[in-house]
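Chemist: Task: produce atomic coordinates for the following.
(one chain, ligands or ions: 1)
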Amino acid sequence: MIQGLSGKRIVVGVGGGIAAFKAVEVVRHLQRAQAEVRVVMTPSATRFVGPTTLSGLTGRAAVTDLWDPRYPGEVHVELSAWAQGCIVAPATQNTLARLKIGMADDALLATLACMACPTVLAPAMHERMWNGPANQRNVAQLREDGYTFAGPVTGPLASGHTGMGRMQEPEEIVAILGTLLDDAPSGLHQDLTGRRVLISAGPTQEDLDPVRYITNRSSGRMGFALARAARDRGAEVVVVAGATEVSPPAGVRVVKVRSARDMQAAIDDALDGLDALVMTAAVADYRPAERAEHKLKKQTDEAPITIELVKNPDILAELGRRRATTRPFLVGFAMETRDIVKYARRKLREKRVDLIVANEASVAFGGDDNEATLVTPEGDTTLPRMSKLALAHRIWDHVSSAL
Ligand code: CTP
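Modeler: All right, here's what the predicted structure looks like:
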């Protein structure tokens with residue numbers, strides 16, 4: 001049986017595409033996992049699958065119209081308050097576009113506009129629609145807004161072609177929501193309420209001259225996933241961010257910094273009353289000994305040039321040296337390319353921190369997933385590959401029980 005769904009209240013949203021008939025299977029898999037299900041459909045979805053079928057399966061009238069006299073009051077508000085998880089299957093290009101800009105012009109979109117629980121979007125459309133620039137922009141924004149995507153996958157499409165855009169298998173979609181709900185007790189319990197946490201994210205940039213700098217690869221995604229998860233669990237969240245590729249979640253305080261020393265100063269400023277500090281930032285270990293006032297010019301000869309680097313402060317290690325009672329709970333990340341746990345264990349000891357999240361560079365970089373081992377003085381926990389948001393919740397589970 002799919003885990004994480006037993007006894008949970010799930011809203012299934014159905015968009016208007018050929019794959020809408022598979023919403024029936026989504027509902028069935030949810031019910032097999034012992035979830036309670038209610039359905040909301042766009043008007044065009046009702047052309048592809050009968051609301052009567054979905055009402056019959058769920059024992060509750062499928063909501064298709066905000067003006068239906070059977071639903072006095074605000075059915076979209078009531079449905080979203082009832083839901084502990086949500087799946088939109090199929091999510092058409094039109095549904096994704098409207099969701100991205102916050103439209104609420106039918107029962108499904110109005111419900112999604114109020115939804116505060118983990119939501120899985122399962123797109124289905126022709127490959128050219130999926131790859132279109134507008135759709136890709138919308139998908140990128142929706143991911144940043146915290147939606148989880150299930151698929152699409154490559155396979156036969158309604159048009160008869162084979163390509164990317166086929167809806168993920170219903171069982172898989174349901175399993176993905178199960179993992180999210182298993183990993184995200186948030187929304188249900190607010191175990192970080194009253195806690196102040198700081199997350200550093202992204203790379204630092206160490207200037208060589210006004211146009212050049214030394215940096216590390218880091219998108220900021222893991223840090224922002226931690227910020228979102230902490231926010232959803234009730235914490236007051238401060239993010240100290242270098243130059244990240246993605247935007248921070250809403251509802252958190254963001255302090256932008258450039259160099260390692262700027263980052264250290266910003267963290268020091270926020271230390272008062274801080275319960276936990278999670279350093280996901282890729283802090284440059286070294287910086288150029290000097291920052292030239294003017295742009296350095298290329299030499300006319302072929303001789304190599306040398307840049308002198310000096311060591312940056314180790315922000316985490318300096319905090320680790322403080323007495324445990326005068327510092328926040330400290331979490332470091334160890335990004336390695338080999339001997340991951342061995343190096344992580346050494347960092348745990350040498351930096352005197354409470355938890356090291358050890359991950360491998362090739363998995364962690366850039367994408368939405370990560371695979372990590374939590375290394376603590378008490379022992380290691382190796383986690384399977386999961387979304388960065390799910391991993392963030394595992395990290396907060398650990399921090400929350402230690403606080
Ligand atoms: N870190 C830090 N200050 C630094 C360097 C790293 O606070 N100057 C933090 C990182 O944010 C991360 C942890 O320390 O949480 C481990 O960083 P990493 O670069 O992997 O460790 P280093 O000590 O720099 O070791 P190495 O580069 O040799 O692997």
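Chemist: tally of neighbours for G165?
Modeler: Close neighbours of G165, defined as other CB atoms under 10 Å, add up to 26. Every C-beta, even on glycine, is put in place using the N, C-alpha and C of the backbone.
Chemist: Run through who's touching the helix or strand containing it.
Modeler: Using DSSP states H and E, G165 maps to strand 162-166. Surrounding strand 162-166, the residues in contact under the criterion CB atoms under 8 Å, 6 or more residues apart in numbering are 19, 123-127, 129-131, 151-157.
Chemist: Just the buried ones among those, please.
Modeler: For those, a neighbour count by 16 or more other CB atoms under 10 Å gives the buried set as 19, 123-127, 129-130, 151-152, 157.
Chemist: Looking at the contacts of strand 162-166, spot the one nearest the ligand.
Modeler: Using CB to the nearest ligand atom, G151 is the member of those that lies nearest the ligand, at 33.1 Å.
Chemist: So that closest one sits against Q168, correct?
Modeler: Yes. Taking contact to mean CB atoms under 8 Å, the distance of 3.0 Å between G151 and Q168 places them in contact.
Chemist: What about H161, how many residues nearby?
Modeler: 11.
Chemist: so how far is G155 from the residue lying closest to it once chain neighbours are set aside?
Modeler: Distances taken as CB to CB, 6 or more residues apart in numbering place E127 nearest to H161, at 6.9 Å, with adjacent residues excluded. Counting by CB to CB, to the nearest Å, the separation of E127 from G155 is 10 Å.
Chemist: Send me the one helix or strand in the chain whose mean pLDDT sits lowest as CSV with only the CA atoms.
Modeler: With mean pLDDT, DSSP states H and E as the measure, the helix or strand of the chain carrying the lowest mean pLDDT is helix 361-364 (a mean of 75). Listed in CSV are the C-alpha atoms of helix 361-364, where the atom choice follows Å, rounded to 0.1, in the frame of the first residue of the first chain:
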residue,chain,number,x,y,z
ALA,A,361,28.1,17.0,-5.7
SER,A,362,26.8,15.3,-8.8
VAL,A,363,23.4,14.6,-7.3
ALA,A,364,23.0,17.8,-5.3
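Chemist: could you point out which element follows that helix?
Modeler: Under the assignment DSSP H and E, the closest C-terminal helix or strand after helix 361-364 is strand 369-370.
Chemist: which residues make contact with that following strand from outside it?
Modeler: Looking at strand 369-370 with CB under 8 Å, 6+ apart, the contacting residues turn out to be 222, 359, 363-364, 385-388, 391.
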